[in-house]
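Participant: Sequence plus the predicted model coming up.
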Amino acid sequence: VGEIKKVLVPYWVFSAEVETRYTADTSPPPPGRNGDWRPVSGKRKQRYSGLLVCGSNVLTSAETEDISPFELSRGQPFDRHPSSGRDAESGLSESRNSGDAIVEQFRAPRKLARPIVRGQIERDEQLACQRELGKCRNVRVNVQLAALVGNPVLVPLWIIAYSYKSEVHRVLINGQTGKVAGSAPFATGKLTFVVLAIVAALLIAGLLITIRH
């Protein structure tokens, strides 16, 4: 194990009112109609909250998904933290220490986080429409956002870095829930042995079947 760090990670937490208009082809068609598909259209309204966009480069999007959810009601507002200042909107250049924790500074301003969260909502709405329609194709959505609000917040994380055979890996621990995620060494030799063992077992099973017949 190389090092263990307690980090307060900055996130933009977004909420929005969403109205989506959609078109698609669904199946089956109405009674008496020929063909396998029929065009449909409609709209749906939804409120989103708790959408996270990491404000620094300490975590990737995939790592955020792996370590979520966070209890955002227990998160610390960034502009109230003694080591943060009020520079979340423009971003800061370096991290700072606060007691036993490292406070990561915002490097992604809110204006850069908005298109990321918009893309996230559009993907979610596309999937939601597909679930509602059932068997469908050519689903197209037009998403309109209203009252899109993003607030800065700090959430706690433990980062453990370790090395194995000259490769560096790290483990992430959610400081609120204890959820664990991270990378692990990939043993190519063991995988090859398992694959060969499975192939051998299949060959033996096939040989036994041939002998019986």
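Facilitator: Here it is on my side, so go on. Residues are numbered from 1 along each chain as shown.

Participant: tell me which element the most centrally placed residue in the chain falls in.
Facilitator: Centroid check for the chain by CA atoms, centre = their mean gives Glu65 as the closest residue, at 3.2 Å. If you go by DSSP states H and E, Glu65 is part of helix 61-67.

Participant: what's that helix packed up against?
Facilitator: strand 38-54, strand 167-174, strand 180-182 (3 or more CB pairs under 8 Å, 6 or more residues apart in numbering; DSSP states H and E). C-beta here means a position set from N, CA and C on the backbone, and glycine is covered the same way.

Participant: and of those strands, who's closest to Leu133?
Facilitator: When these are compared by CB to CB, strand 38-54 sits nearest Leu133, at 7.0 Å.

Participant: mind listing the strands in this structure by residue range?
Facilitator: Secondary structure of the chain (DSSP state E): strands located at 3-26, 38-54, 76-77, 96-98, 101-103, 136-164, 167-174, 180-182.

Participant: So for Cys129, which of those strands sits nearest?
Facilitator: Judging the strands of the chain by CB to CB, what sits closest to Cys129 is strand 3-26, at 4.7 Å.

Participant: what would the strands of the chain look like in CSV with mean neighbour count?
Facilitator: Shown next, in CSV, are those (neighbours: other CB atoms under 10 Å):
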stretch, mean neighbour count
strand 3-26, 19
strand 38-54, 14
strand 76-77, 14
strand 96-98, 13
strand 101-103, 20
strand 136-164, 16
strand 167-174, 16
strand 180-182, 15
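
Participant: Rebuild those strands as TSV, extending it with mean pLDDT and distance to Ser61.
Facilitator: As requested, those are exported to TSV (pLDDT from 0 to 100; distance: least, CB to CB, whole Å):
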stretch	mean pLDDT	distance to Ser61
strand 3-26	92	12
strand 38-54	93	7
strand 76-77	76	22
strand 96-98	55	24
strand 101-103	85	21
strand 136-164	90	15
strand 167-174	84	13
strand 180-182	85	13
